[in-house]
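*Asks:* whatever this is, show me its structure:
(chains A and B)
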Amino acid sequence: MFFLRQLSHTILLHPSYFGAQLEDYIRKKLYEDVEGTCSGKHGYIISVVQIISTGEGKILPSTGQARFRCTYTAVVMKPFKGEVVDGKVANVNKMGFFAMVGPLQVFVSSHLVHADMKFDPNASPPCYRSSSTDETITKDTKVRIQIVGCRVEANDIFAIGTIRADYLGQLPDE
Amino acid sequence: MSETVSVELPTSLPYPIRITRVLADGEVQRGTALLEYAFTSDEARKELAKGGKGEWDMVGSWDSAIEGRLDRWEEWVKPGTRVERSKIALWLEQSCSHPVQLHGMCGVCGRDLTTDDYLTRGGPSKYAGSYEMSHDSLGVTVSTNEAKRLENVTKETLLSSKRLSLIVDLDQTIIHTTVDPTVGEWIEQGKKALEDVAKFHLPDDVPLGYTAPDRWYYTKPRPGVNQFLRRMNELYEMHVYTMGTRTYAEAICNVVDPDKTFFGGRIISRDENKSFSSKSLKRLFPTDQSMVVVIDDRADVWGEIPNLVKVVPYDFFIGVGDINKADSMAQTKLLDAQSEDRPLAKESEPLNNDDAELERVAKILAQIHSTFYRAYAQRVKDTIPMGCDVEVIIPDIKSRVLEGCTLVFSGVIPKHQAAETSGIFHAAEMFGARTMLDVGPGMTHCVTATVGTEKTYRASRMDAAVVWVEWFHKSIALWKRQDERAFSINGAESSTSPKQVENGIPEDGVDDGGLDNLLDGWDESADAELQAFMEGSSDYGEDTESVGSVPGSPSKKRVRYADEESLPLESFRDPPEDQDWAGDSDDRPAKRRLLLEAPTGDYVPEGNRFQWDGKMDENPTAEDDLFAQMLEDSLDSEIS
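*Replies:* Numbering: from 1, shown residues only, chains lettered A, B, ... in the order given. Reported below is the predicted structural model:
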């Protein structure tokens, strides 16, 4: 799920950057530092929407670096158990497949694939193929997944998904 | 995914115990007490030993480490039962048996399985088995039961398509790679042997101070590799298992398998392998290896597995070796050293483009395949016959190589080693030969490393073939009994020198574990001979089991054979080229040694002592040689 959250980030700046371009540099650095990162607490930081303040720089004794406490609002994505998401299959093997939901990698075990879908190891690339319908799941297939569980670590989120329910599985190509 | 599982009493309980209360019923959570028991403390035991009382003075409880619904208790579990050791106590119906796990999270129910508490001993809880089965390492592991299920599925598919699994090593097995820039220059010069050499950059091999990869890798496919893979693809499902990095493995597969028809995505590299120094079949086939054949040029990385068909290493770029043999830290150094030292530039030998090894291996693999499916064709209903096991078929084929031979080794096994425990004895028996310690009736071959030993003499009078040890090494390396005549010691003795024997062996330089330190060996044996010489005995024909004297001088190109794997690589140093005396017993360097190591202890008058001004002439002139010759002659005459 996506959220708009107010977050803060501390930037240490070397004295050689002090000057007219300082503000610009801090903004640029903030974007570089936080966008695309993942924290267990907030989830993936997708995009910085607004920089609320860059704070007052405070020179640190001994190093001469300036410390800026920036506060900003950002779109974050955090997966939850039970959530239904759309993703794209990245990797298929006999144990299941991995789908990318934006930055999040979701693993769907072969136990949680429709019962009539069987792994076909001889196909190139390997795929899950339904015996009754023409549904196939292979690399780059778009799928709708329900998240079964998430494991949240300090800098990483792992998710388990299922397509073994109604309205889940392969999405028709637009 | 509900499953009923058996639960054993933990081995950590203070046995013997006596069950006092059975507690669990219905739902069982992690940590729920299953039963209570009494046991005897150490103190009480001491009392008892003295004849006192106080048995069953302590109580404990057994808590469940897994959750589920109680299915049933075993019959014997009731209050008052005395238990001596761990056994199955109850059956739990688990709502999820957690067959697949992703980074410690169940892939089916999403539960976190890494909880670490008093119920899990020895670190984070490890649920039944945790095998990585896929070629990639994305953190998916499976339980033992799930591994078995998946393997059965694979097995069914293979059996229905009449194929087996083949694990293929890359370096020096089907290709040879170097980073020596000399190759690039040679390609530009248009050397014919280098026509099919592929060159590529590795994106992750960026030298310090560079932003883009700079090093070129040159890969020579082994002659006939394409045909080999195409043929094997019909008989085997092929996997790549290499000690190189992932990017390297993919780059090589682009060279040998551009359409991905042979290997598909079935590549496993050092990045996915847990170890830098060993490969394991269990990594891909955790429970059942009966349909897996391995081809590799090194046996040591696999340990003793029967599934291995050892390939003679492909050494196209001479002096380069395997660029992926070391661990990652040492490897960077190795690559740097190779790029700078240019071992190939020093090599004058022309690159050799004939190599028929893959053809030989293909024949063996086809034989294994046909043996397997011949046995399978005789199956009764759905039971798979015993003979359908690669782990039986390969040793069987091997044991026919030297079938009917009874070998006696002479001058091969170092004296200090018990012959029965030596590697060569073991190898001989693996390849079906019988071994004897001494010459006796029934022997068929005397395998020798030196001329004129007592054993060879006695053997030659007994109508047994007396052959050089190369005969043995070549036979077991090629899985084919070699023609004894080409290796006969008599051929060498009569009119020709051992050199001629060598001509029959394209890949020479085989020797036994005891012969590794050629040069050191020479020093000792030469000294011994000198000693004998000075004492007036000129007989070096005694069976000295001399480790140092090698017939057939090792050529520059050295090949490692199966039985040499246990030796460290360093000991495979090539002897300097100028030592062509090695094979010729009449022209041993003993005389020259005399010059270098003059007998000490003899009284030499002051005036006659050799004076050295500390300056050494780097380029000896003809005069120096003459002087040396004179000295040598005079010493000779003195001794004789």
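
*Asks:* in chain A, what residue comes closest to chain B?
*Replies:* Among all residues of chain A, residue A:149 sits closest to chain B, at 1.8 Å; criterion: C-beta to the nearest C-beta. To be clear about C-beta, it is placed using only N, CA and C from the backbone, and glycine gets the same treatment.

*Asks:* confirm that that residue sits in a strand.
*Replies:* Yes. Counting by DSSP: H, G, I helix; E, B strand; the rest coil, residue A:149 is part of a strand.

*Asks:* burial count for it?
*Replies:* The local packing of residue A:149 (other C-beta atoms under 10 Å in any protein chain shown) involves 21 other residues.

*Asks:* and for the spatially most central residue of chain A, nearest residue in space, chain neighbours not counted?
*Replies:* What sits nearest the mean C-alpha location of chain A, by C-alpha atoms, centre = their mean, is residue A:103, with 2.6 Å. Leaving out its chain neighbours, the residue that sits closest to residue A:103 by C-beta to C-beta, 6 or more residues apart in numbering or on different chains is residue A:44, at 4.5 Å.

*Asks:* so is stretch A:73-90 next to chain B?
*Replies:* Yes. Using C-beta under 8 Å from any C-beta of the partner chain, stretch A:73-90 reaches chain B at residue A:81.

*Asks:* any idea of the mean pLDDT in that stretch?
*Replies:* Stretch A:73-90 shows a mean pLDDT of 94.

*Asks:* distance between that stretch and the chain's centre?
*Replies:* The chain centre lies 7 Å from the centre of stretch A:73-90; the measure is C-alpha atoms, centre = their mean, to the nearest Å.

*Asks:* what's the answer for stretch B:383-400, then?
*Replies:* 21 Å.

*Asks:* so for it, mean pLDDT?
*Replies:* 85.

*Asks:* output it as PDB - backbone C-alpha positions only.
*Replies:* C-alpha atoms of stretch B:383-400 as PDB (Å, rounded to 0.1, in the frame of the first residue of the first chain):
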ATOM      1  CA  THR B 383       9.400 -50.400  -9.200                       C
ATOM      2  CA  ILE B 384      12.700 -49.000 -10.500                       C
ATOM      3  CA  PRO B 385      15.300 -51.800 -10.600                       C
ATOM      4  CA  MET B 386      18.500 -51.700  -8.500                       C
ATOM      5  CA  GLY B 387      20.600 -51.400 -11.700                       C
ATOM      6  CA  CYS B 388      19.000 -48.000 -12.400                       C
ATOM      7  CA  ASP B 389      21.600 -46.200 -10.400                       C
ATOM      8  CA  VAL B 390      24.400 -44.200 -11.800                       C
ATOM      9  CA  GLU B 391      26.200 -44.600  -8.500                       C
ATOM     10  CA  VAL B 392      26.400 -48.300  -9.300                       C
ATOM     11  CA  ILE B 393      26.900 -48.100 -13.100                       C
ATOM     12  CA  ILE B 394      29.900 -45.900 -13.000                       C
ATOM     13  CA  PRO B 395      32.000 -47.900 -10.500                       C
ATOM     14  CA  ASP B 396      31.000 -51.000 -12.500                       C
ATOM     15  CA  ILE B 397      32.300 -49.600 -15.700                       C
ATOM     16  CA  LYS B 398      35.500 -48.500 -14.000                       C
ATOM     17  CA  SER B 399      36.100 -51.800 -12.400                       C
ATOM     18  CA  ARG B 400      36.200 -53.500 -15.900                       C
END
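
*Asks:* buried set for that stretch?
*Replies:* By 16 or more other C-beta atoms under 10 Å in any protein chain shown, the buried positions in stretch B:383-400 come out as B:388-390, B:392-394, B:397-398.

*Asks:* go on, stretch B:263-277?
*Replies:* B:263-270, B:272-273, B:276.

*Asks:* SS state for residue B:636?
*Replies:* Residue B:636 is classified as helix under three-state DSSP.

*Asks:* around chain B, which positions in chain A sit nearby?
*Replies:* Neighbours of chain B within chain A, by C-beta under 8 Å from any C-beta: A:81, A:91, A:93-96, A:98, A:105, A:107, A:109-112, A:119, A:121-122, A:124-126, A:148-151, A:158, A:160.
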